[in-house]
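[1] got a predicted structure here, sequence first:
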Amino acid sequence: MRRYAVISAIGTLLGLGVANGQPASGPFAASPSQSLGVANSLSGSGTFAAFPSQSVKDGRFLGFACAGIETFEQPVSLALTAPSATTLFDLNIFDGDTDQVDGSAKKHWDMGARQLIFSLYADPSHTGSTAPGDLIGTWAGNAINPTRGPLWVSSSATMPDNEWWDLTVSTSAIAQAPSGNYFYNLVIALDGACDVGEILESNLKIATSDPVTFRTRQFGLVGGFRQIFNDGPILYPGTFPPPGGFLTAPTTYDGTFELFFTLPPGETELRVFDGDFDFGTDSTVGFPSGVSLDGCADEDDPDSAADYAGFPFSTIGANAEGVQGSGMPPDDNQYDAFRRGEPGDPNRIGCVRYEVTDPEGHTYRNDNPSGSFEWEQFLIASAASPSIFDADWVTAGTSLPSGIWKVRIIGLDLGNLIFWYGDTCATRPARAPEPGEDPDDVPRVAACPDDN
């Protein structure tokens with residue numbers, strides 16, 4: 001995907017400001033440490049279910065965009081489940097605005113001005129209802145909103161920049177299923193069709209109070225870095241830009257995302273879909289460090305039809321699947337500040353890829369995901385599947401292991417908005433933090449909802 005504003009910023013600021021690991025004079029010269037934006041705390045009780053993360057400083061976001069940056073335009077639906085004993089729950093949204101400023105008049109994470117619209121529906125049949133009669137409430141990311149309705153109260157009339165905004169929801173019979181559990185459908189979408197060539201990326205996080213959790217099927221993910229001077233001190237704590245160069249600077253974003261989903265017993269196939277990963281390199285020299293990068297290039301995926309026949313979702317707007325090449329910028333990115341690679345690599349080198357791990361610990365790698373503006377299928381099949389000759393991986397046995405599966409995306413560069421299709425659960429902390437431990441360092445586990 002093309003990111004004209006970001007590339008311009010890199011060329012005029014990142015590249016010119018740090019040379020050979022040393023700060024230069026000019027607009028990107030090292031300056032006294034900029035303060036980290038402080039976010040309001042989450043509202044609600046217990047351990048929170050969150051996606052794609054709960055941390056306010058790790059740079060991991062759900063991303064929404066216009067095709068002016070050569071990526072996909074799509075809404076996101078999240079299926080929320082509240083157990084039958086729940087009377088109230090909190091729905092928290094981090095950085096729900098676009099192009100607004102914080103208390104220090106700084107913008108964070110987003111690019112463009114188009115706002116997002118958040119609509120919560122009662123969904124007792126668990127079918128993704130958007131019927132007007134099921135609407136609980138609608139809120140705009142930038143505009144002034146009411147602060148209460150018949151079944152909800154919000155923390156403020158506007159969604160703040162780089163902070164959490166809270167919605168406290170009272171459960172009601174209109175959302176209750178025969179099992180007694182409550183189901184809701186949260187739809188997040190742009191406030192209208194994008195203009196031709198419109199440049200937009202709006203990034204956010206979602207969290208719900210215990211015991212409510214959720215899952216989502218199709219979404220975008222990004223390591224946010226749109227407001228370089230304001231996001232930079234969060235992603236690279238300390239003096240920004242780092243006086244010793246970006247490659248050795250501590251960072252809060254390591255290029256990984258972890259996704260969890262469940263597979264029921266008896267399944268012979270698992271299909272997940274990755275879109276617009278921008279896999280490939282345009283240059284094999286890092287800038288400004290001069291380190292040598294490992295070249296990579298997108299290949300045709302044999303089990304993905306060029307016209308996406310058999311894909312379970314709309315692919316309107318995508319290029320035909322094939323050899324599409326890398327995006328702009330590519331992943332692996334030549335710019336040191338944006339590049340993330342294999343864990344532990346001292347120069348953060350490594351093209352984006354992902355691994356799928358089954359409940360028995362077997363790992364299936366996809367080392368050549370989608371190129372620019374295309375989708376690709378990743379198919380894992382058991383020996384009993386009729387698709388064994390098309391599959392990327394074939395396992396022994398008549399069916400695949402049932403239970404919780406994990407996807408780990410590795411080496412996703414900052415600023416590369418990617419897309420995923422697969423029924424993905426929120427996560428919760430695996431345990432309480434140890435004394436002195438940063439809560440962001442606590443491992444997270446799947447928080448898959450009860451769908452009954």
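    Thanks, I have it. Residues are numbered from 1 along each chain as shown.
[2] in the sheet, who's paired with Y184?
    L80, A122 (DSSP bridges).
[3] that one reaches S125, doesn't it?
    No. Taking contacts as CB atoms under 8 Å, Y184 lies outside contact range of S125: 11.8 Å. No exception for glycine: its C-beta is placed from N, CA and C like everyone else's.
[4] looking at the two, which one has more neighbours?
    Summary of the neighbour comparison: Y184 and S125, criterion other CB atoms under 10 Å, with Y184 having more neighbours (26 against 11).
[5] tell me who's in contact with that one.
    By CB atoms under 8 Å, 6 or more residues apart in numbering, the residues touching Y184 are A79, L80, T81, A82, L120, Y121, A122, D123, I136, V169, A175.
[6] find the nearest non-adjacent residue to the third one, please.
    In other words, T81. P449 (3.5 Å; CB to CB, 6 or more residues apart in numbering).
[7] neighbours of the one you found, how many?
    Per other CB under 10 Å, the neighbour tally for P449 reads 23.
[8] now do F419
    Other residues near F419 come to 22 when the count uses other CB under 10 Å.
[9] I'd like the mean pLDDT over the one helix or strand it maps to, please.
    Per DSSP states H and E: F419 is located in strand 418-429. Averaging pLDDT along strand 418-429 yields 97.
[10] from the contact counts, what lies against that strand?
    strand 49-51, strand 213-223, strand 257-263, strand 269-275, strand 403-410, strand 444-447 (3 or more CB pairs under 8 Å, 6 or more residues apart in numbering; DSSP states H and E).
[11] which of the ones you listed is buried the deepest?
    strand 49-51 (a mean of 26; mean count of other CB atoms under 10 Å).
[12] within its sheet, name the partner strands of the helix or strand following that strand and how each one runs.
    Per DSSP H and E, the first helix or strand lying C-terminal to strand 49-51 is strand 60-65. Strand 60-65 sits in its sheet next to strand 201-208 (antiparallel), strand 213-223 (antiparallel), going by DSSP bridges.
[13] hey, C-alpha coordinates of strand 60-65 in PDB?
    Extracted in PDB, the C-alpha atoms of strand 60-65 (Å, rounded to 0.1, in the frame of the first residue of the first chain):
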ATOM      1  CA  ARG A  60      -0.500  -2.500  18.100                       C
ATOM      2  CA  PHE A  61      -3.800  -1.400  16.600                       C
ATOM      3  CA  LEU A  62      -6.900  -2.300  14.700                       C
ATOM      4  CA  GLY A  63      -6.500  -0.200  11.500                       C
ATOM      5  CA  PHE A  64      -9.200   1.400   9.300                       C
ATOM      6  CA  ALA A  65      -8.200   3.100   6.000                       C
END
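[14] hang on, P233 is in a strand, isn't it?
    No. Counting by DSSP: H, G, I helix; E, B strand; the rest coil, P233 is not found in a strand; it is helix.
[15] who touches F277 in this structure?
    Applying CB under 8 Å, 6+ apart, the residues contacting F277 are D331, V352, P369, S370, G371, N416, I418.
[16] gap between the first one and R353?
    So that's D331. Distance, D331 to R353, by CB to CB, to the nearest Å: 10 Å.
[17] what do the two both touch?
    Joint contacts of D331 and R353 (CB under 8 Å, 6+ apart) are F279, G411.
[18] more neighbours, these two?
    D331 (31 against 22).
[19] got a pLDDT number for that one?
    Per-residue pLDDT puts D331 at 95.
[20] which residues of the stretch 51-200 of the chain fall in strands?
    Remark: strands assigned in the stretch 51-200 of the chain by DSSP state E, counting those that start in this stretch are 60-65, 76-82, 88-94, 116-122, 135-140, 148-149, 152-154, 164-170, 182-190.
[21] so which residue is dead centre in this protein?
    L221 (2.5 Å; CA atoms, centre = their mean).
[22] just checking, it touches R60?
    Yes. Between L221 and R60 there is a contact under CB under 8 Å: 7.3 Å.
[23] shared neighbours of the two, which are they?
    P52, F257.
[24] hang on, the earlier thing: dump the strands paired with strand 60-65 into CSV; add distance to G341 as well.
    Output for the strands paired with strand 60-65, formatted as CSV (distance: least, CB to CB, whole Å):
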stretch, distance to G341
strand 201-208, 22
strand 213-223, 13
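[25] of those, which is nearest P435?
    With CB to CB as the measure, strand 201-208 is the member of the strands paired with strand 60-65 nearest P435 (24.1 Å).
[26] how far off centre is the closest one?
    8 Å (CA atoms, centre = their mean, to the nearest Å).
[27] just the CA coordinates for it, please, in PDB.
    Coordinates of each C-alpha in strand 201-208 appear next as PDB, following Å, rounded to 0.1, in the frame of the first residue of the first chain:
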ATOM      1  CA  GLU A 201      -5.600   5.600   8.500                       C
ATOM      2  CA  SER A 202      -7.500   5.500  11.800                       C
ATOM      3  CA  ASN A 203      -6.200   3.200  14.500                       C
ATOM      4  CA  LEU A 204      -7.700   2.000  17.800                       C
ATOM      5  CA  LYS A 205      -8.000  -0.700  20.400                       C
ATOM      6  CA  ILE A 206     -11.000  -2.400  22.100                       C
ATOM      7  CA  ALA A 207     -11.300  -3.800  25.600                       C
ATOM      8  CA  THR A 208     -14.200  -5.100  27.700                       C
END
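[28] the inter-axis angle of it versus strand 164-170?
    40 degrees (axes from the mean of the first three to the mean of the last three CA atoms, to 10 degrees).
[29] and N230, that one's in a strand?
    No. Going by three-state DSSP, the assignment for N230 is helix, not a strand.
[30] any idea how far G255 is from it?
    Where G255 is concerned, N230 sits at a distance of 21 Å (CB to CB).
[31] between these two, which one's more packed in?
    A side-by-side neighbour count of N230 and G255, using other CB under 10 Å, places G255 first with 25 against 20.
[32] what pLDDT does that one get?
    According to the model, G255 scores 98 on pLDDT.
[33] how about the nearest residue to it once chain neighbours are set aside, what does it touch?
    Leaving aside its chain neighbours, G255 sits nearest to R340 (2.7 Å; criterion: CB to CB, 6+ apart). Taking CB under 8 Å, 6+ apart, we find R340 in contact with G223, Y253, D254, G255, R348, G350, G411, L412, D413, L414.
[34] make TSV out of those residues and add secondary structure and distance to L379.
    TSV is the format used below for the contacts of R340 (DSSP: H, G, I helix; E, B strand; the rest coil; distance: CB to CB, whole Å):
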residue	secondary structure	distance to L379
G223	strand	27
Y253	coil	30
D254	coil	28
G255	coil	25
R348	coil	30
G350	coil	24
G411	coil	22
L412	coil	22
D413	coil	26
L414	strand	30
